[in-house]
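[1] give me coordinates for this.
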Amino acid sequence: MKFIPHDYQTYAIDYIKTHRIAALFLDCGLGKTAITLSAINDLKYDDFDVRKVLIIGPKRVIECTWPEEIKKWDHLSLTYSLVAGSRAERVRALRKEADLYLVSRDNVQWLVEQSGIPFDFDMIVIDELSSFKNYRAKRFKALMKVRPRANRIVALTGTPTSNGLMDLFSEFKLLDGGKRLGRFITQYREAYFVPDKMNANVIFSYRPVPGAEEYIYKKISDITVSMQSIDHLQMPDLLSVRYDVFMSEAEREKYDELKKEMVLSLPEGEITASNAATLSNKLLQMSSGALYDEEKNVVRIHDRKLDALEDIIEAANGKPLLVAYWFKHDLDRIEERLNKLGISYGRIDNEKNIIRWNRKELTVGLIHPASAGHGINLQAGGSHLVWFSLTWSLELYQQTNARLYRQGQKAKTVVIQHIVTAGTIDERVLKALESKDKTQTSLIEAVKAVI
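    Predicted coordinates for the structure are as follows:
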């Protein structure tokens with residue numbers, strides 16, 4: 001296929017070529033893979049500035065999206081080697097002569113510390129920089145060891161601050177060694193944050209000091225470019241709506257009992273929430289309609305969301321629906337209800353069902369954000385996404401929405417519908433996502449490229 005770049009794509013390609021450190025915060029649908037490959041192609045075959053490129057990303061994206069894009073565009077002369085499979089297969093792939101070496105982020109530590117192959121890449125591309133937001137993670141520490149050996153690095157993401165500005169420390173330390181935001185997390189915290197939630201001397205969270213956001217954005221602006229789809233593409237309208245469901249009095253009593261006492265007694269057994277994270281997880285499960293007891297058995301609480309989903313499917317009148325779920329018992333109960341109704345559906349976790357969805361052969365596509373949030377094009381199959389159960393992760397939430405709300409969507413309006421159990425933690429999750437999005441939007445706006 002002939003590549004005819006939009007003006008913003010030409011700008012981004014030139015930005016990569018003229019910046020040895022480049023962070024591209026590109027909204028979903030802007031073609032970040034094609035942009036990066038075009039820049040690499042020019043750097044290797046026109047400028048002779050790179051020889052061997054390492055591309056790191058989520059497993060599905062590395063194994064599917066990048067190979068497809070490399071084969072897709074006529075102007076690319078790049079060869080690649082997919083470093084996947086068994087240890088022996090990965091070693092063979094690393095020894096193979098190629099321009100690009102595609103490695104899952106899960107294999108970064110192995111590549112650096114265990115493969116036995118010298119790290120001689122002169123350019124690194126990180127697809128989804130947010131994968132390296134944890135400075136304690138093994139993959140971060142491993143890549144930091146060899147980062148100085150690469151003359152160029154490109155970082156791609158649409159959600160650089162999915163959990164707030166604190167994420168930026170490790171992400172930019174990986175890029176510039178700590179030049180802009182500091183070499184140590186303590187320096188970064190002391191410069192831009194103050195303690196927020198704490199108990200005595202134990203600090204649980206931090207909040208930015210007044211003016212910190214603007215100063216941080218200014219510090220990274222010389223190596224960062226940000227673009228949003230809505231600024232550069234003819235995007236459909238995006239409609240976000242709530243579908244409230246309500247527990248019965250008895251169901252509400254069980255919910256409140258767990259919330260207040262952190263122990264819920266049921267005929268099937270006793271469920272304990274030993275800390276806030278566990279409690280949050282349990283309450284989210286209850287809001288969805290079921291939860292696991294201490295023996296991992298599923299205890300049904302209500303079918304309110306299942307009934308709502310059935311109503312939404314009926315109202316869609318045959319139009320395809322993409323349904324996002326979080327818990328395994330959500331999937332099981334949804335499939336049980338769909339089987340009962342005789343509705344065609346498929347799990348969007350394999351190539352076969354992705355093709356079936358895009359051909360509109362499925363009435364319902366079931367998607368888990370953690371396994372299918374990145375790199376999958378589903379816009380051809382429908383324009384209506386239903387969140388059966390929510391996630392706290394802004395990154396996964398936005399990426400899942402972007403499977404439909406992206407370039408190539410033919411519908412005039414994309415509907416994102418949230419089934420919310422009123423008066424429960426569901427409402428807090430939505431509020432938290434909106435709050436985090438304000439930080440995300442601020443960052444993107446502050447470093448947005450003027451073209």
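[2] how about the strands in the stretch 101-250 of the chain?
    For the stretch 101-250 of the chain, the strands identified by DSSP state E, counting those that start in this stretch occupy 123-127, 152-157, 193-195, 198-199, 202-203, 206-208, 224-227, 237-245, in order along the chain.
[3] with the stretch 301-450 of the chain instead?
    Chain-ordered strands for the stretch 301-450 of the chain, with DSSP E, counting those that start in this stretch as the definition, fall at 321-324, 345-347, 364-367, 384-387, 413-421.
[4] nearest to residue 239, of those?
    Evaluated over the strands of the stretch 301-450 of the chain, closeness to residue 239 peaks at strand 413-421, with 4.9 Å, by C-beta to C-beta. (Each C-beta comes from the backbone N, C-alpha and C, glycine too.)
[5] what sits up against stretch 376-383?
    Outside of stretch 376-383, the residues within contact range by C-beta atoms under 8 Å, 6 or more residues apart in numbering are 60, 65, 236, 319-322, 348, 354, 357-360, 362, 365, 367, 403-411, 413-415.
[6] derive a PyMOL selection command for the buried subset of the residues you listed.
    Typed into PyMOL, the line below selects the buried ones among the contacts of stretch 376-383, using 16 or more other C-beta atoms under 10 Å:
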select buried, resi 60+65+236+320+321+322+348+354+357+358+362+365+367+403+404+405+406+407+409+414+415
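[7] residue 206 is in contact with residue 198, correct?
    No - the pair residue 198 and residue 206 fails to qualify as a contact (C-beta atoms under 8 Å) at a distance of 9.5 Å.
[8] pick out whichever of those two has more residues nearby.
    More neighbours surround residue 206 than the other of residue 198 and residue 206, with 18 against 11 (other C-beta atoms under 10 Å).
[9] wait, which of the strands of the stretch 101-250 of the chain is closest to residue 422?
    With C-beta to C-beta, the closest approach to residue 422 among those belongs to strand 237-245: 4.7 Å.
[10] which helices and strands does the closest one pack with?
    Taking 3 or more C-beta pairs under 8 Å, 6 or more residues apart in numbering; DSSP states H and E as contact, the helices and strands that strand 237-245 lies on are helix 304-316, strand 413-421.
[11] could I get the buried residue list for that strand?
    Of all the residues in strand 237-245, those buried under the rule 16+ other C-beta under 10 Å are residue 245.
[12] give me the contacts around it.
    304-305, 307-308, 312, 405, 412-422, 430.
[13] for ChimeraX, what selects the buried ones among the residues you listed?
    What follows is the ChimeraX syntax for the buried subset of the contacts of strand 237-245, where burial is set by 16+ other C-beta under 10 Å:
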select :304,305,308,312,405,414,415,416,417,418,419,420,421,430
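[14] which one of the strands of the stretch 301-450 of the chain lies closest to residue 221?
    Set against residue 221 and scored by C-beta to C-beta, those come closest in strand 413-421, at 31.0 Å.
[15] average pLDDT for that closest one?
    Per-residue pLDDT values across strand 413-421 average out to 93.
[16] and it, what other elements does it pack with?
    Packed against strand 413-421 by the contact rule (3+ C-beta pairs under 8 Å, 6+ apart) you find strand 237-245, helix 304-316, strand 384-387, helix 425-446.
[17] quick one: contacts of it?
    Outside strand 413-421, the residues within contact range by C-beta under 8 Å, 6+ apart are 236-247, 287-288, 304-305, 308-309, 312, 383-390, 401, 404-405, 426-427, 430.
[18] same thing with stretch 34-46?
    Defining contact as C-beta under 8 Å, 6+ apart, one finds that stretch 34-46 is touched by 3, 5, 9, 12-13, 16-17, 24, 26, 49-51, 53, 69-70, 72-73, 75-78, 99-100, 123, 125, 152, 154, 156.
[19] one step back: any chance of the helices and strands packed on strand 237-245 in TSV, plus distance to residue 213?
    Formatted as TSV, the entries for those read as follows, by distance: least, C-beta to C-beta, whole Å:
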stretch	distance to residue 213
helix 304-316	37
strand 413-421	27
